[in-house]
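[1] give me a model of this one.
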Amino acid sequence: MSEFTAPAFLDNQGAEEIMERMVGSLPDDIDVSEGSHPYNLLMPTAVEKEMFVNFILREAVKLIFPRYCEGYDAIADYHAETNGLSRKEAFYAVGEVTVTGDAGTVIPAGTVFSTASLNETPSMEFVAAGEAVIGTDGTCKVKIQCAEPGTAGNVARETIIFSDGSIDGIASVINEKPVTGGVDEESTESLIERIVEYERNQGISFVGCNADYKRWAEEVDGTGSAVVIPPEDDSGLVLIVLTDMEGNPASEELCSIVYDHIMRPGDPGMRLAPINAKLSVAAPSVVSVSVSADVQTNSSYTLEMVKEGFLRNIQEYLKKVPDDKEIRYSRVYSILSRTEGVEDLRNLSLNGAAVNIPVDNNEFPSIETENISFTQVENI
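    Numbers count the residues shown, from 1 in each chain. Have a look, this model is predicted:
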């Protein structure tokens with residue numbers, strides 16, 4: 001983002017300069033030396049004006065432009081509203097639990113299941129999305145949704161182990177697969193990027209070009225990056241490869257919501273896509289990437305601590321990889337070298353080599369803890 005250049009009328013507004021101008025308007029026979037009454041009255045005013053001009057007024061001018069509104073959430077929302085946009089709302093994590101118990105036991109919609117509370121981490125509650133009945137085999141599957149929207153609802157497999165206890169006949173509860181799809185409310189930084197992009201593209205077409213499909217997909221709550229793959233034959237089928245706001249492959253539910261937003265199957269007259277256009281929205285295929293390196297750590301950091309920090313840092317970069325079409329070796333090196341606790345490193349490799357990793361349009365890179373191998377070395 002370009003650096004803000006203040007207008008010229010804000011120049012020369014230091015306290016000393018302001019004081020000099022005010023003193024210059026006084027009669028010549030008045031003592032304005034430091035410590036005199038006129039000085040003691042005028043200098044605080046000069047200091048306050050300096051504060052007003054060089055901070056308050058400067059910030060007010062910056063807020064006229066969306067790109068400089070980071071840190072001012074409400075102002076960014078006003079700019080979005082002016083452009084017909086809005087901040088993307090948080091998304092609920094969804095999944096499924098297996099309930100074991102007496103055959104015929106009814107699990108009503110709204111039944112609460114939860115994870116365990118560990119240390120300072122509170123339990124997370126999930127609500128049954130519909131009614132279910134334990135079958136003759138003593139089990140049933142129950143669709144669930146987190147009680148609160150956001151990424152906190154994305155929990156690992158076998159962590160939802162409690163029911164609310166009000167239903168007799170339930171012996172145990174377990175989620176055999178991770179619960180996914182939870183997305184936090186859009187950040188102001190992300191919203192500003194969309195506003196700036198929208199304003200830059202004022203007057204663009206709505207005829208169904210790649211830019212149109214990308215814009216339509218990314219304006220839906222919960223979406224992250226959309227890569228548009230035009231038809232490769234005469235079928236007319238446009239493919240949108242979609243990630244969520246956290247940079248992970250989009251859930252089936254989110255893909256369906258984006259499809260409905262663009263195609264409007266229930267109201268063809270309001271569809272965004274051109275007549276006769278065909279559309280498919282899908283999550284990218286996950287491509288596992290391994291990272292290895294010799295690392296010299298700070299004496300107060302372990303390799304595990306460095307690995308955790310690197311994994312957090314690399315996730316932000318991975319969100320942008322689908323647009324770049326490759327994982328750049330230099331970027332990964334830079335991210336690892338700046339990870340807290342790293343003194344130096346050597347022999348960094350991606351998938352066993354010091355190379356860039358190409359990523360196709362329908363692929364999404366994933367770096368998991370088990371695929372990170374750091375070796376502790378001394379005095380690199």
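
[2] contacts for the worst-scoring helix or strand of the chain on mean pLDDT, please.
    Of all helical and strand segments in the chain, the minimum by mean pLDDT, DSSP states H and E falls on helix 321-324, at a mean of 74. Contact with helix 321-324 is made by 225, 227, 241, 243, 284, 327, 359, 361, 363, 364, 365, as judged by Cβ atoms under 8 Å, 6 or more residues apart in numbering. Using the backbone N, CA and C atoms, a C-beta is placed for each residue, glycine as well.

[3] give the buried residues for it.
    Neighbour counts over helix 321-324 (16 or more other Cβ atoms under 10 Å) mark 321, 322 as buried.

[4] format the CA atom coordinates belonging to it as PDB.
    The C-alpha trace of helix 321-324 is given here as PDB (Å, rounded to 0.1, in the frame of the first residue of the first chain):
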ATOM      1  CA  VAL A 321      -0.200 -19.000  -3.100                       C
ATOM      2  CA  PRO A 322      -3.200 -19.800  -5.300                       C
ATOM      3  CA  ASP A 323      -2.900 -16.400  -6.900                       C
ATOM      4  CA  ASP A 324       0.900 -16.700  -7.400                       C
END
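
[5] between the contacts of helix 321-324, which has the least confident prediction?
    For those, the weakest pLDDT value sits at residue 361, with 75.

[6] and it, what is it in contact with?
    Contact partners of residue 361, counting by Cβ under 8 Å, 6+ apart, are 227, 229, 241, 322, 325.

[7] give me that answer again for 7 Å
    227, 229, 241 (Cβ atoms under 7 Å, 6 or more residues apart in numbering).

[8] point out where the stretch 51-200 of the chain drops to low pLDDT.
    Residues of the stretch 51-200 of the chain meeting the criterion pLDDT under 70: none.

[9] residue ranges of the strands in it, please?
    94-101, 106-107, 112-115, 125-128, 132-133, 139-146, 160-163, 170-174 (DSSP state E, counting those that start in this stretch).

[10] closest to residue 256 out of those?
    Ranking these by their distance to residue 256 (criterion: Cβ to Cβ) puts strand 94-101 first, at 12.0 Å.

[11] mind saving the C-alpha coords of stretch 32-46 as PDB?
    The C-alpha coordinates for stretch 32-46 follow below in PDB (Å, rounded to 0.1, in the frame of the first residue of the first chain):
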ATOM      1  CA  VAL A  32       7.800  37.300  25.000                       C
ATOM      2  CA  SER A  33      10.900  35.700  26.300                       C
ATOM      3  CA  GLU A  34      10.600  32.100  27.800                       C
ATOM      4  CA  GLY A  35       9.000  32.300  31.200                       C
ATOM      5  CA  SER A  36       7.200  35.600  30.600                       C
ATOM      6  CA  HIS A  37       3.400  35.700  31.000                       C
ATOM      7  CA  PRO A  38       2.700  36.100  27.200                       C
ATOM      8  CA  TYR A  39       5.100  33.100  26.500                       C
ATOM      9  CA  ASN A  40       3.400  31.000  29.200                       C
ATOM     10  CA  LEU A  41       0.000  31.800  27.700                       C
ATOM     11  CA  LEU A  42       0.800  31.300  24.000                       C
ATOM     12  CA  MET A  43       3.100  28.200  24.100                       C
ATOM     13  CA  PRO A  44       0.400  25.800  25.400                       C
ATOM     14  CA  THR A  45      -1.800  26.900  22.600                       C
ATOM     15  CA  ALA A  46       1.000  26.300  20.100                       C
END
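
[12] residue 46 is nearest to which of the strands of the stretch 51-200 of the chain?
    For these, the distance to residue 46 is smallest for strand 139-146, at 55.8 Å, taking Cβ to Cβ.

[13] quick one: the closest one to chain centroid distance?
    A distance of 27 Å separates the centroid of the chain from that of strand 139-146, by Cα atoms, centre = their mean, to the nearest Å.

[14] and the angle for that strand with strand 170-174?
    For strand 139-146 against strand 170-174, the angle between stretch directions is 60 degrees (axes from the mean of the first three to the mean of the last three Cα atoms, to 10 degrees).

[15] neighbouring strands - and their directions - for strand 139-146?
    Paired neighbours of strand 139-146 in the sheet (DSSP bridges): strand 94-101 (antiparallel), strand 125-128 (antiparallel).

[16] ok, and for it, which residues are buried?
    Buried-residue list, strand 139-146, by 16+ other Cβ under 10 Å: 140, 142, 144, 145, 146.
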